[in-house]
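In: Following is a predicted model, sequence given first.
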Amino acid sequence: MANFAQLNVLNHALASGSTLSEGNLRIQSESTSDVGSLAYSTLEMASGKFYMEVLVVRQDADRGQIGIVNTLVEQNQAPNNTNITDGNNEWGFLTQSNVSNGSIHHGGSNIGNGAMGSFQPGDIAQVAIDASAGKVWFGRNNTWFANDGGSDGDPSTDANPTYTNLANGPYRFAVGCTNAASGLFVMKANFGEQGFKYTPPTGFKALSQDNLPTPTNFDALAGETPADYFKAVEYTGTGNSTAVTGLNFRPDFVWIKNHTTAGWSNLINDSIRGPNNLIFSDATNANTQNNGGGYLTSFDANGFTVSGGGASSRSGSSHIAWCFKAGGAPTATNSAGAGAVPTANSVKIDGANKSDALAGTIPATELTASTKSGFSIVRYTGTGSNGTVAHGLTAAPKWMWIKNLSGTNDHIIYHDNLANNTYYIAVNQTASQSQATNVFNSADPTSTVFSVGTSTATNGNGNDYIAYCWHSVEGFSRFGKFIGNAANNGPYVECGFKPAFVIVRNRNITTQWYSHDNVLGNKLGNDSPGLHLKPNSANATDSPVACDFFASGFKIRTTGSGQNGNGNTMLFMAFAEMPAKFV
């Protein structure tokens with residue numbers, strides 16, 4: 001089955017009196033107030049060419065709006081923004097009004113009033129987008145309009161797009177109305193399931209799961225899935241040494257939490273520091289060996305083994321472990337200087353030794369990276385002076401977690417949606433984002449290195465550090481932000497995949513961190529209440545459900561300010577169970 005897109009009942013800004021019906025393809029607005037409504041397609045377009053038609057059924061005194069939005073727009077702007085014609089990441093046209101019939105809009109300006117003419121009931125509005133090339137064409141009854149307002153556009157031949165140089169995607173189709181004054185407005189979207197009235201432009205496809213491109217990093221058709229690089233596993237403690245299996249890989253990062261018995265810390269383990277070495281996401285302890293509360297004793301071919309102890313294998317308690325694969329454990333320490341070829345076996349990239357020079361002014365002593373999943377672990381020795389450290393990835397990290405292994409400093413988080421690169425936020429703290437120019441040296445990561453300043457939290461002279469680095473990978477991971485609305489019907493966050501693990505944190509206020517996964521019940525269709533954990537806390541799991549997982553994203557279901565503060569910016573990191581194309 002093709003599984004064509006619809007208008008998303010979870011992802012819209014429908015005003016009172018507005019409804020979706022007929023398989024969520026018909027949008028109707030009926031109001032006596034000057035309000036608007038907007039709904040987005042259920043599938044996003046990160047690359048490829050796609051085509052949509054919209055039938056104008058009725059528009060009394062209302063004004064339809066049709067176009068595309070960058071997926072992140074509805075997450076990163078104030079809730080219930082219903083106008084796609086003004087933003088820099090929105091491109092659309094109006095079907096009717098007394099002033100600007102058929103006007104085409106972007107970034108607060110328009111391509112002439114009346115460029116497309118006034119749409120009448122029975123007319124077909126058209127949108128063709130080349131998401132790979134960043135081009136879009138708007139049409140009416142198979143006449144396509146160019147950027148100068150002329151009618152000589154032609155998506156089939158790539159001629160005269162309505163707009164070019166679109167902001168980086170992914171994108172979604174959008175349909176709705178604005179200024180819904182007294183009267184009735186009805187439109188019907190068609191993403192291809194009903195058959196199009198007009199033949200789609202050459203090379204352009206209906207928006208369906210079948211037509212979505214296969215994520216280049218994870219080829220599910222060849223049997224590879226995100227679970228080959230990330231998986232959450234639950235196990236019951238025995239009070240003794242316990243082997244935990246069920247992974248498709250030997251993990252390089254294992255985060256363990258006793259989730260049924262309070263008081264036991266989050267155990268953070270990685271293959272660079274090796275077995276028996278711990279830090280705790282809810283405490284500032286330096287690196288700890290052979291922890292009395294339990295620890296990981298080995299990284300195994302399809303899992304790991306833990307010692308007896310309340311944190312790692314308390315008898316009868318349930319434990320959750322979030323496990324990531326990087327590039328394999330280094331077996332040597334890099335003794336080469338900055339900018340040199342690293343010592344053999346000290347730097348593992350996708351399982352192989354790095355044979356060319358390592359970037360950075362501060363040499364990594366050990367590094368393991370998966371360029372396929374966008375995850376790396378880096379160990380380095382601080383210098384006390386501003387510097388850069390190689391991360392081993394092919395794109396700039398969006399999320400970094402740095403801990404001073406020698407001292408009792410906070411666990412420092414870089415996220416590219418903090419206020420700017422002079423800010424950080426701490427995993428072990430409830431404090432809001434803090435500003436300190438010496439933490440990341442007021443510099444964003446690049447595709448080769450991340451920056452550290454003179455702070456002992458990230459670069460104390462002679463101190464030992466571990467850094468966990470991630471960037472977004474289509475179909476596997478996404479790091480971003482959304483704006484809270486303080487409603488049980490909270491924001492819907494697009495990911496392009498069904499999530500397996502999500503962490504959310506309000507950057508603006510003093511609050512907890514929150515994690516959700518597809519093992520402890522935070523997924524649609526689970527009969528039991530969904531549970532969440534707090535990475536900054538030793539508490540057990542808590543309920544009720546605060547977030548649901550769907551085929552292409554997650555939806556916040558709480559009024560709590562920690563995950564949905566009204567008008568506040570929420571940071572998130574999300575990892576996939578399966579790309580939306582294959583759900």
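Out: Sure, I can see it. For clarity, every value in this text was computed on a predicted model and none was experimentally measured.
In: Tell me which residues touch Ala301, please.
Out: By CB atoms under 8 Å, 6 or more residues apart in numbering, the contact set of Ala301 is Arg250. Heads up, the C-betas are built off the backbone N, CA and C, glycines and all.
In: where do the helices sit along this protein?
Out: 73-76, 310-313, 456-459, 561-564 (DSSP state H).
In: Bridged to the spatially most central residue of the chain, which residues?
Out: Against the mean C-alpha coordinate of the chain, by CA atoms, centre = their mean, the closest residue is Arg478 at 2.5 Å. Beta-bridge pairing of Arg478 under DSSP bridges involves Ala574.
In: how close does it get to Thr71?
Out: Relative to Thr71, Arg478 is positioned 10 Å away (CB to CB, to the nearest Å).
In: about what we covered before: which stretch in the helices of the chain has the least confidence?
Out: Note on the helices of the chain: helix 73-76 shows the lowest mean pLDDT, a mean of 64.
In: hmm, back to that, turn the helices of the chain into a markdown table, columns for mean neighbour count.
Out: Listed next are the helices of the chain as a markdown table, based on neighbours: other CB atoms under 10 Å:
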| stretch | mean neighbour count |
| --- | --- |
| helix 73-76 | 21 |
| helix 310-313 | 26 |
| helix 456-459 | 24 |
| helix 561-564 | 23 |
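In: Of those, which is nearest Tyr468?
Out: Checking the helices of the chain against Tyr468 by CB to CB gives helix 456-459 as the closest, at 13.0 Å.
In: Which elements pack onto the closest one?
Out: Secondary-structure packing of helix 456-459 (3 or more CB pairs under 8 Å, 6 or more residues apart in numbering; DSSP states H and E): strand 399-404.
In: outside of the strand it packs on, which residues touch it?
Out: The set of residues external to strand 399-404 that reach it, using CB under 8 Å, 6+ apart, is 268, 279, 286, 382, 391, 409, 411-416, 427, 445, 450, 452, 456-458, 460, 463-471, 479, 573.
In: Quickly run through the sheet partners of that strand, with directions.
Out: Paired strands of strand 399-404, defined by DSSP bridges, are strand 412-415 (antiparallel), strand 464-470 (antiparallel).
In: And the closest residue to Ser376 other than its chain neighbours, how far from Val389?
Out: Excluding the flanking residues, the one nearest Ser376 by CB to CB, 6 or more residues apart in numbering is Ala369, at 3.5 Å. As judged by CB to CB, Ala369 and Val389 stand 13 Å apart.
In: what about those two, which has more around it?
Out: Neighbour totals were compared for Ala369 and Val389, and Val389 leads with 30 against 27 (other CB atoms under 10 Å).
In: and Ala352, how many neighbours?
Out: 10.
In: Could you do Ala283 as well?
Out: Using other CB under 10 Å, the number of residues around Ala283 comes to 14.
In: ok, now Asn488?
Out: Residues near Asn488, counting by other CB under 10 Å, number 12.
In: again with Gly496
Out: 26.
In: My guess is it contacts Phe550. True?
Out: No. If you go by CB atoms under 8 Å, Gly496 and Phe550 don't touch, sitting 11.5 Å apart.
In: I'd like the helices of the chain as JSON lines, with distance to Ala5 appended.
Out: As requested, the helices of the chain are exported to JSON lines (distance: least, CB to CB, whole Å):
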{"stretch": "helix 73-76", "distance to Ala5": "16"}
{"stretch": "helix 310-313", "distance to Ala5": "45"}
{"stretch": "helix 456-459", "distance to Ala5": "44"}
{"stretch": "helix 561-564", "distance to Ala5": "26"}
